[in-house]
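Participant: This is the structure alone, sequence omitted:
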């Protein structure tokens, strides 16, 4: 076996893209390439202290910058892209969160419209101790503080969408995008159906940690140094983004209302098990009903995202996606030396 | 007063576009221009008999062809485009409807996913008597037939979206698009907020008639000969598509779940009345609560669309959008001679 | 033919009931009886001026008082109760509406919970000119006023629920209850499936008029003098409340989210037409898709209510519910002499 | 300290109740009492093999039998009932699950109505090894089997509802009821707001295990031998059911659509922390946003149920509900000797 090709990209401010689809590739990469990437935070690095209000320092729609897109050689509609996250490390010693007027789950929004006043706009800076692996919450209206475990993840991973569309990087959907799931952490492999030639992979929106549902709409947002491997599964469709870890298979669904996102993810998992593990669809339905975990990703974005997650030990033998995850774990091991 | 400029466009098969945004303009037109347009039906004319199944004869994503886009000279973000429909006449003596597997309100879909089998795929051809103004339903499973009034409308009217996006012509949202409301008929003026320079107006998806909600997902679809006038209201935003008739003001909202579409339309109407008619927002809320009609447009598309509609006689004096509707009605009168 | 039996009930303050099910009958009546009823307004008559705030003068859960219940002789589960409204006349020369903290469509609520402040609590008194048939809106924050047509209706009509339940009179569901549809007007017949012996019919919640959706959560609420005829259709189920007018058939659906209420009503109408008019279910689906009106009732109550309404002229011949509506119209004619 | 009073109830078949509210108390108990209870499974024990179809052997609405209700001496509206689960042990060596026509998340239902055929009705018997703590899935359409960990829980815990209502034991709402959350396990304390004198506690619907969301609508249903302690917190409201474990605080929300259930639970948790831990509501919103888990309970019942769950280590010091959980854990220790 040869060592994997490693390529490093650290975008200049003007290099970021703000959509999935519609942007020229930053680079063309071969399947199997290791990518060392820097991603800026969702505010393009403009919110750096408690006085930097998003409504004042950010310039819509130039939020949630993405690093990419990467044209993957040989990728065609009908294939599936595999993205294995080797590592994610916050690039600075702080992360930021905030309320944003008329955005979030516990406020009316532009889509859940009411006549009420918005909540106040408040910024929190979370100090990160990257060696200790902790993120410090400090109350803005009192002197309480507490250290939580860091749990780095990418809010946004996606490819160019289908149907000739270009979507804002704030949107999660079948092409991936702003899924905002804490399950998108180092060690997992994300599967994305390819919709256009070259697939056009981008990532961004690093979070030092995030609760399930991303309740206020904003995680502990941070720039991130991320290493990933990209690979290709030919002639294998993937209708919705899927994630595989060493222990679990996961399907995602993104739409509104939230029960429809739940239905998509659960249906996709049932059909995935039926297709790859030889279970009758009704047996898969029963097994999933008793065994599934259903961690919410976001209940704040343009579409809400729900996951269906099952422990591989409960399943009949067989490999997901032709054994891609195990091979990528092995590649990651060789890369790290 | 001078006669309006009149321009005629009848696209060739390769001239249609399938998105809002992302396509080069078909033509550049001055505000005040009368456009005589031909629009193909949502199946690109491929479903012409009961044996033409959509799943066999159509080629996704090449459905719902749009005529346009038209670059309107001087249109800039922050302006509002006004589109007055002078006339709509079905271009053929038939229209078509059908069930489509996993599409429609009374079936599971790709977004409301279940494990059930889809409904059968069945096509209905509606004969149109354009002089009598009737559309004939003929049962496929029995010999019943009945003539309903024709009530021509455009399912799709829109401009390029905001946020750098390109959306499929199947999607309704803040840029308009596939609103699928029977209120989009001859005699009304549709207001659309401009998101990009030139606005990039397109229309399509003619319906000989449609029920409220478009229950099976497909109206009585027909090619259409349509005359409209396009004009521009400078420095006036329009957050969601609005419609004005001689008698009513209407706001639209498009999202899921349906109650959120309702909330958007109702909130927009309340705020519109407060802004233009001098009503306190709570007085507007009360008056709307007792006076509004809330006709559903579609409960089948990517977003659902709800309207809030109020009789102008119930409102304090004042013109909507600077009196644009009345001026366009007058222009239409001069055009028709 | 004999003249119908006429019975009059004007409850004392302690006679009202606040639930469907769970209350002893006010009286036992024979099918075919004409009932002359007084119903108090939804605030039990306690909000009589702009300074009477609901949060101060009302005593939850003692709101939305119902007149009844009436035990209908011979009614058994599996039957359908028919309620024909002969006349509805506001009992006073005023009606009242108000905002209620955390209730209504354009505010967060106890079910659509946010951290925002509620809207202000404001009361509007609508003067009714019952001879002219008008209701006067007077702005609270300005001097605008306007006369709207009165359009009397009952927000609440229902029977005891199934499944051993007792439901608050604020709830609409399969047993009827607080449907809040403007279609519940004089001249229509409402069909309600019987769930318990005697059916236990109650009505209340008169509205001088109401917009579709009842946006702020409160109509122009009024006490009402109502004449109705109650009758019984044996061995005929009615899964959801249905309404028949001289011109239309209507099904209702009540649940959340609103698209599910829409689905219930549309499915019930399709299946009703298939069962009574001999249309194949797919032909009924198609005809409904092009012909249906879908007036919203309420988007504010515990369940939201949507209607599916079709013009009888578009349907194959046949009587709904065995011709009950026509017979009740004839009885009403004889009653009025 | 004295030993707790212990009382044992094993209902006869005619002793079960099918509602919350509306049934006379089985017994009156003092706060602090230990209750040793037997609960029958949700099918009243009638589905005992793969040929026992629910549609044939069950008699609606007599499903989901509850053991109770228990009148708790001194309980009044405005108090909170505390129910600490000491142990739950499946009472038989098998559990049962099944598809039920038009019930479950991955099928149309009576509320999410479509015109499609229902899924087939299939029964699975899960063998329980209570000593090993495992539950065996056996495929019906193949020879796969696998042992999953048992994780006993009660689907149903509740009190009489507010607003004069009586609710089916199939319904989850503010009174508790059919929450169907796997978090209702031995070792936790459930808090329920008291709505009527005596509170009227009932429990039932044991599950040997259940996935999050209860996807097919039916868990691994089993009769259960359960020991609990009931106690009372005077003059302390609890707007929605809450759960405390040794490590976490949890709020629940039950309604539709699912995002509204999420909003209720998250809002309740934020307000709970603000009220008991001295956090400003916006600081609580921020901390919850980054720290919360959001395990789904059910996405299949009349209302959907979502939880908001936070690790107590992340919170400022202070006791929940006056330290009731710790006291009940101590009582449980003394009871077990």
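Facilitator: Structure received. As the structure is a computational prediction, the values presented were derived from the model and not from experiment.

Participant: now the strands: where do they sit in the stretch 201-337 of chain A?
Facilitator: Using DSSP state E, counting those that start in this stretch, the strands of the stretch 201-337 of chain A run over A:220-221, A:224-233, A:242-244, A:248-255, A:296-298, A:304-311.

Participant: cool, the stretch 1-150 of chain A as well?
Facilitator: Under the criterion DSSP E, counting those that start in this stretch, the stretch 1-150 of chain A contains strands at A:6-9, A:19-20, A:27-29, A:34-39, A:66-72, A:80-90, A:94-98, A:123-129, A:134-138, A:145-149.

Participant: and the fourth one, which residues are buried?
Facilitator: Within strand A:34-39, the residues scored as buried using 16 or more other Cβ atoms under 10 Å in any protein chain shown are A:34-37, A:39. All C-beta atoms are positioned from the backbone trio N, CA, C, and that covers glycine.

Participant: Could you spell out the sheet neighbours of that strand, each with its direction?
Facilitator: strand A:6-9 (parallel), strand A:224-233 (antiparallel) (DSSP bridges).

Participant: I'd like the buried residues of strand A:34-39 as CSV, with distance to residue A:312 and pLDDT appended.
Facilitator: As requested, these are exported to CSV (distance: Cβ to Cβ, whole Å; pLDDT from 0 to 100):
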residue, distance to residue A:312, pLDDT
A:34, 25, 98
A:35, 27, 98
A:36, 29, 98
A:37, 28, 98
A:39, 29, 98
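
Participant: where does chain A have low pLDDT?
Facilitator: Segments of chain A classed as low confidence (criterion: pLDDT under 70) are A:1.

Participant: where exactly do the helices run in the stretch 201-337 of chain A?
Facilitator: A:258-277, A:281-291, A:324-336 (DSSP state H, counting those that start in this stretch).

Participant: Chain C is nearest to which of those helices?
Facilitator: helix A:258-277 (8.1 Å; Cβ to the nearest Cβ).

Participant: circling back to that earlier point, would you mind finding the most buried of the strands of the stretch 1-150 of chain A?
Facilitator: Mean neighbour count, computed with mean count of other Cβ atoms under 10 Å in any protein chain shown, is highest for strand A:19-20 among these, reaching a mean of 29.

Participant: which outside residues touch that one?
Facilitator: Under the contact criterion Cβ atoms under 8 Å, 6 or more residues apart in numbering or on different chains, strand A:19-20 has outside partners A:66, A:69, A:158-161, A:166-169, A:171, A:175-177, A:200, A:202, B:164-165.

Participant: What strands line up against that strand, and which way round?
Facilitator: strand A:167-168 (antiparallel).

Participant: Return the distance of the strand it pairs with from the chain's centre.
Facilitator: Distance of strand A:167-168 from the chain centroid (Cα atoms, centre = their mean, to the nearest Å) equals 15 Å.

Participant: just stretch A:40-54 next, same as before
Facilitator: Averaging C-alpha positions (Cα atoms, centre = their mean) puts stretch A:40-54 20 Å from its chain's average.

Participant: in it, what's buried?
Facilitator: For stretch A:40-54, the neighbour count (16+ other Cβ under 10 Å) marks A:40-47, A:52-54 as buried.

Participant: Repeat that for stretch A:186-205.
Facilitator: Neighbour counts over stretch A:186-205 (16+ other Cβ under 10 Å) mark A:186-196, A:198-205 as buried.

Participant: one step back: right, and the pair among the buried residues of stretch A:40-54 with maximum separation?
Facilitator: A:40 and A:53 (18.6 Å; Cβ to Cβ).

Participant: For chain A, what lies in contact range of chain C?
Facilitator: A:106-108, A:112-119, A:257 (Cβ under 8 Å from any Cβ of the partner chain).

Participant: Chain D: which of those is nearest?
Facilitator: Relative to chain D, the closest of the residues of chain A next to chain C is residue A:257; by Cβ to the nearest Cβ it sits at 3.7 Å.

Participant: Now the closest one. Nearest residue, chain neighbours left out?
Facilitator: residue D:257 (3.7 Å; Cβ to Cβ, 6 or more residues apart in numbering or on different chains).

Participant: What parts of the stretch 51-200 of chain A come near chain B?
Facilitator: A:60-61, A:110-115, A:162-168, A:170.

Participant: Just the terminal-to-terminal distance for stretch A:69-80.
Facilitator: 16 Å (Cα to Cα, to the nearest Å).

Participant: Can you flag which of the buried residues of stretch A:186-205 belong to strands?
Facilitator: Those of the buried residues of stretch A:186-205 mapping onto strands are A:189-193, A:199-205, per DSSP state E.

Participant: Any idea how far apart the tips of stretch A:180-192 sit?
Facilitator: 15 Å.

Participant: That one close to chain D?
Facilitator: No: counting by Cβ under 8 Å from any Cβ, chain D has no neighbours in stretch A:180-192; the shortest distance is 9.5 Å.

Participant: And stretch A:145-165, by the same measure?
Facilitator: Yes: legend: contact between stretch A:145-165 and chain D by Cβ under 8 Å from any Cβ is shown at A:146, A:148.

Participant: can you pull the buried residues of that stretch?
Facilitator: A:146-148, A:150-165.

Participant: Mean neighbour count and distance to residue B:298 added to the strands of the stretch 201-337 of chain A, as a markdown table?
Facilitator: As requested, the strands of the stretch 201-337 of chain A are exported to a markdown table (neighbours: other Cβ atoms under 10 Å in any protein chain shown; distance: least, Cβ to Cβ, whole Å):
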| stretch | mean neighbour count | distance to residue B:298 |
| --- | --- | --- |
| strand A:220-221 | 28 | 36 |
| strand A:224-233 | 22 | 37 |
| strand A:242-244 | 24 | 30 |
| strand A:248-255 | 26 | 16 |
| strand A:296-298 | 29 | 26 |
| strand A:304-311 | 26 | 21 |
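
Participant: can you list these in CSV and add distance to residue C:265?
Facilitator: Shown next, in CSV, are the strands of the stretch 201-337 of chain A (distance: least, Cβ to Cβ, whole Å):
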stretch, distance to residue C:265
strand A:220-221, 44
strand A:224-233, 45
strand A:242-244, 37
strand A:248-255, 23
strand A:296-298, 30
strand A:304-311, 26
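
Participant: before we move on, the earlier item: looking at the helices of the stretch 201-337 of chain A, which is closest to residue B:211?
Facilitator: Nearest of the helices of the stretch 201-337 of chain A (Cβ to Cβ): helix A:258-277, 23.0 Å.

Participant: tell me which strands and helices the closest one is in contact with?
Facilitator: strand A:248-255, helix A:281-291, strand A:304-311, helix D:258-277 (3 or more Cβ pairs under 8 Å, 6 or more residues apart in numbering or on different chains; DSSP states H and E).

Participant: Tally up the residues packed near the residue of the stretch 1-150 of chain A found nearest chain D, please.
Facilitator: The nearest approach of the stretch 1-150 of chain A to chain D comes at residue A:141, 3.5 Å away (Cβ to the nearest Cβ). Using other Cβ atoms under 10 Å in any protein chain shown, residue A:141 has 12 other residues around it.
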